[in-house]
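Asker: Predicted model and sequence follow; I will ask about them next.
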Protein chains: 2
Amino acid sequence: MRLWLCFCISMILLTSTCKSKEETASSEAAGLGIDLIVEGDYVVTMDELGTVIEAGAVAIDKGQIVATGKAIEIHERYVAREVITGENRIVLPGLINGHSHAAMTLFRGIADDLALMEWLNDYIFPAEVEFVDAEFVRVGTELACWEMIRGGTTTFVDMYYFPDAVAEVVVACGMRAFVASTVIGQKSPDAENAEDSIEKGLQFIARWQGRNSRVTPIFGPHANYTLSEAQLRATRVAATQAGVPISIHMSESPFELEYSKATFGMTSIELFDSIGFLDGPTIGAHVVWPTDTEIPMLANRKVGVIHNPTSNMKIASGIAPVTAMLDAGVRVGLGTDGSASNNDLDMWEEMRLAAFLQKVDRMDPEVLPALTVLRMATSGGAKAIGLGDRVGRLVEGMQADLIQVSMDDVHFVPTYDVISHLVYVTDEQDVATVIVDGRPLMRDGQLLTIDTAKVTSEAQDIASRIRASLFKK
Amino acid sequence: MRLWLCFCISMILLTSTCKSKEETASSEAAGLGIDLIVEGDYVVTMDELGTVIEAGAVAIDKGQIVATGKAIEIHERYVAREVITGENRIVLPGLINGHSHAAMTLFRGIADDLALMEWLNDYIFPAEVEFVDAEFVRVGTELACWEMIRGGTTTFVDMYYFPDAVAEVVVACGMRAFVASTVIGQKSPDAENAEDSIEKGLQFIARWQGRNSRVTPIFGPHANYTLSEAQLRATRVAATQAGVPISIHMSESPFELEYSKATFGMTSIELFDSIGFLDGPTIGAHVVWPTDTEIPMLANRKVGVIHNPTSNMKIASGIAPVTAMLDAGVRVGLGTDGSASNNDLDMWEEMRLAAFLQKVDRMDPEVLPALTVLRMATSGGAKAIGLGDRVGRLVEGMQADLIQVSMDDVHFVPTYDVISHLVYVTDEQDVATVIVDGRPLMRDGQLLTIDTAKVTSEAQDIASRIRASLFKK
């Protein structure tokens, strides 16, 4: 007992010398030496109970969370090589962007306020044919990762072309991502046709499976209006053979629904179900128009649904029945979609819009409360994409993907309820610190893994060429 | 001709020496000496044509805009005592927040995700009874003005209690405001009953009319569900007698509509019309539920309608027919409502939500395009509140209320269309400079007229008392 007391006192003394970020603890020999402690006035764990720890801390070692608790207790138990202090900071899990086309940041705001087909046919498709190559994807993805890290996103699910370029950027910048090799039934920037894209996808997956724990290669069949039934079946077979999930646009728009009924004689989700497409892990992006019978089926099949409220509103796809899906037990996460239809990668705005849109659509201010929405962006989003046992909650054994939000801005004065503030007030610019696998990617708003000046210059060069070409027409 | 050439050259030479903020021009004797030139890579004038001037500038003297044009031409014509340079900056009119309850910043996030009556009866009304006094209003309004200036708002229409305290803060911080004396049919923090509040309102107006060009005292009858027909009539008589506009909640919620039909046998707008309430200048906040016959009437009566999309979504009031109102010629502006139902004073978010909500509600991505929304927050908002000939456009003769938005943030890379970026991407934190009546209120993000540390401390003190009282129950 006396020994324990001595030990505690020595730990307290040690701890007090560890407050400085730069100092190194002297005694790993004590057996409780760890890599990092991240403190916060509030630690929002997003565990099952929604526990918020005031004056809390997260203890991190070898990329994983070893404990979460009161800061004073964490410092009693552990001596960290580095401490990130938490005055006026909220600590929470990194945000999970479940659906994006990252490199489309380079098309941000290229055309707005247009009907979908005019937007696609007159702007996006011509621009993609002319400009999208591996270098475009590298620069656009780096720009997107910069924006996502800056805004507190630690994991994203991407669907675009030249997936090797995307994966390499993810490795370099330190984020976590599902990187899809896109399968589409037409000539694309990186394949001749659907069959070619499936073949190239299998090669991409072979190159990346098991190569880096932060990169999960997946298949990204585009949609049932750009692929035949045979091509959809072939993609599922290839994904199952490779043992990877699928991400696909699913029941996004009235156009898709009408096309599906006219072409296949059934809805998109009925089609997917009927051909065994949902037999393996599937991430369905959008899912705006599921029927009442399809919603429980999505729950039973454990389909991860990614809600993209900004995109669904901006290009008028419709209002997804998020409340009904959650009530039925569907795994629902949040995503930004690409910057060409958003026009940014701001997960805070997606949270707010998800809540606001359900409330006004249902004419009930009680639906989709703040904590539920925050779950969709963290633990729920992780579960939706199949990472629920690795990220999204600040509990022991999870990978250390977490962020600090600064409460220094005027809109945090005063703060009665930290969960409310995260959902209804916080902006991307409030994020101070971003950590993935225990490694800081941003500190005090400074990006540590991305050369922002270089990316800006490269992005502006590509944008100049796009501007010169597209707007002269 | 030769003389003119010499003059131009000398102006160019003089101009080049004026680039430094601190330098003073040497020759007002030239006759073209002015107070201030504000430059921008883009000057978004919001004139009738929506003119955007690249590499532009605004020339300001004695609080007014004397010219807007290419920066090089402005510098040829004028020598300013101060130049605010505009590299990577967008200059546009200051934003106009047409409906707010500024001091409610102190109740920001006090309770969310609740049904309206529970929210009002269990949280807002008890908190107001217990805490709202002149000091609360002073501190809360100062906090709100800080947040509004930071986010680029230069004019706001306020409805709360203790209007003298509000007006004094407005004078001190340099903003422009319509300050309403609230009339409500129950005991309020600053009056015994409706009659007392009308009497006190008249006294407030007498004190403030003509006292400061930036403060317009007005009447703020709360709503037709908190006032009798006689009280509404009496308020209109008093406002007409005093020669001031009225701001009132109008057709906000299904509750209001049902109450109005049950109590008066007609809708809110029918009631207002039938008792001559709209005969004088009226600002109607919300107007979510106007009928097809009421919409043209609102246009004919020149009622200024303030759309509050965040509040309408968050507390599930409904979706206002903004597109239909604009098509009918109604003067529509934008507002944040109070921070208790928002939970911030972010006009950029109101712009985005206004566009997104109409697009998805109408299932048409072409409605409410970016320029139309930006008009609602600037020139259109000014017109809606009766200030269309003084602010909201960067043209000669208008008061110099303008802002600079910094394009330094990652979400401005790249920028194809500056109007699109202002509406779909810009956050409060991007605002760099705020000027009202030619006077800078914020430079490089630094507030110049508000002691932010003092306000923070005062606000936190009040919040501590609210927290201790309200959450112990």
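Answerer: Cool, got the structure.
Asker: Surely residue A:95 and residue A:154 touch.
Answerer: Yes - here residue A:95 reaches residue A:154: they are 6.6 Å apart, a contact under Cβ atoms under 8 Å. In short, each C-beta sits where N, CA and C put it, glycine included.
Asker: Quick check: neighbours shared by the two?
Answerer: residue A:403 (Cβ atoms under 8 Å, 6 or more residues apart in numbering or on different chains).
Asker: For residue A:279, list the residues it contacts.
Answerer: A:236, A:240.
Asker: State the distance from it to residue A:303.
Answerer: Applying Cβ to Cβ, to the nearest Å, the value for residue A:279 to residue A:303 is 11 Å.
Asker: And residue A:253, by the same measure?
Answerer: From residue A:253 to residue A:303 the distance is 18 Å (Cβ to Cβ).
Asker: next one: residue A:197
Answerer: Residue A:197 is 23 Å from residue A:303, by Cβ to Cβ.
Asker: ok, now residue A:256?
Answerer: Counting by Cβ to Cβ, the gap from residue A:256 to residue A:303 is 16 Å.
Asker: ok, those two, which is more surrounded?
Answerer: Taking neighbours as other Cβ atoms under 10 Å in any protein chain shown, residue A:256 and residue A:303 compare with residue A:303 leading, 27 against 22.
Asker: List the residues that contact the more buried one.
Answerer: A:250, A:278, A:282-284, A:330-331.
Asker: For it, give me phi and psi.
Answerer: Per-residue torsions, residue A:303: phi -70, psi 130 (degrees, to the nearest 10).
Asker: what packs against the biggest helix by length in chain A?
Answerer: Counting by DSSP state H, the longest helix found in chain A is helix A:452-470. Judged by 3 or more Cβ pairs under 8 Å, 6 or more residues apart in numbering or on different chains; DSSP states H and E, the packing partners of helix A:452-470 are helix A:125-131, helix A:134-150.
Asker: how big is the angle separating the helix or strand hosting residue A:180 from helix A:134-150?
Answerer: Using DSSP states H and E, residue A:180 maps to strand A:176-183. Using axes from the mean of the first three to the mean of the last three Cα atoms, to 10 degrees, the inter-axis angle of strand A:176-183 relative to helix A:134-150 is 150 degrees.
Asker: And the average pLDDT for strand A:176-183 is what?
Answerer: Per-region confidence: strand A:176-183 scores 98 on mean pLDDT.
Asker: Pairing partners for it, with directions?
Answerer: Sheet pairing of strand A:176-183 (DSSP bridges) gives strand A:153-160 (parallel), strand A:215-221 (parallel).
Asker: Which is the succeeding secondary structure element to the last one?
Answerer: So the one you mean is strand A:215-221. helix A:229-242.
Asker: can you check the longest one too?
Answerer: Along the chain past strand A:153-160, the next helix or strand (assigned with DSSP H and E) turns out to be helix A:163-173.
Asker: Can you name every helix or strand that that following helix contacts?
Answerer: helix A:134-150, strand A:176-183, helix A:194-208, strand A:215-221.
Asker: Return the list of helices and strands in contact with the longest one.
Answerer: Contacts defined by 3+ Cβ pairs under 8 Å, 6+ apart place helix A:134-150 against strand A:153-160, helix A:163-173, strand A:431-436, strand A:439-443, strand A:446-447, helix A:452-470.
Asker: sorry, back to before: relative to helix A:163-173, how tilted is the longest helix of chain A?
Answerer: Here helix A:452-470 runs at an angle of 150 degrees relative to helix A:163-173 (the same axes, to 10 degrees).
Asker: Mind listing what's buried along helix A:452-470?
Answerer: Residues of helix A:452-470 classed as buried: A:455-456, A:458-459, A:462-463, A:466, A:470 (neighbour count, 16 or more other Cβ atoms under 10 Å in any protein chain shown).
Asker: pLDDT averaged over it, what's the number?
Answerer: For helix A:452-470, mean pLDDT is 95.
Asker: hang on, the earlier thing: of the strands paired with strand A:176-183, which is nearest residue B:436?
Answerer: With respect to residue B:436, and counting by Cβ to Cβ, the nearest of the strands paired with strand A:176-183 is strand A:153-160 at 36.6 Å.
Asker: which parts of the closest one are buried?
Answerer: Those would be A:153-160, for strand A:153-160 by 16+ other Cβ under 10 Å.
Asker: For the stretch 1-150 of chain A, list the residues in contact with chain B, please.
Answerer: A:105-106, A:108-110, A:112-116, A:119, A:143, A:146-147, A:150 (Cβ under 8 Å from any Cβ of the partner chain).
Asker: Among these, name the buried ones.
Answerer: Among the residues of the stretch 1-150 of chain A next to chain B, the ones that count as buried by 16+ other Cβ under 10 Å are A:105-106, A:108-110, A:112-114, A:116, A:119, A:143, A:146-147, A:150.
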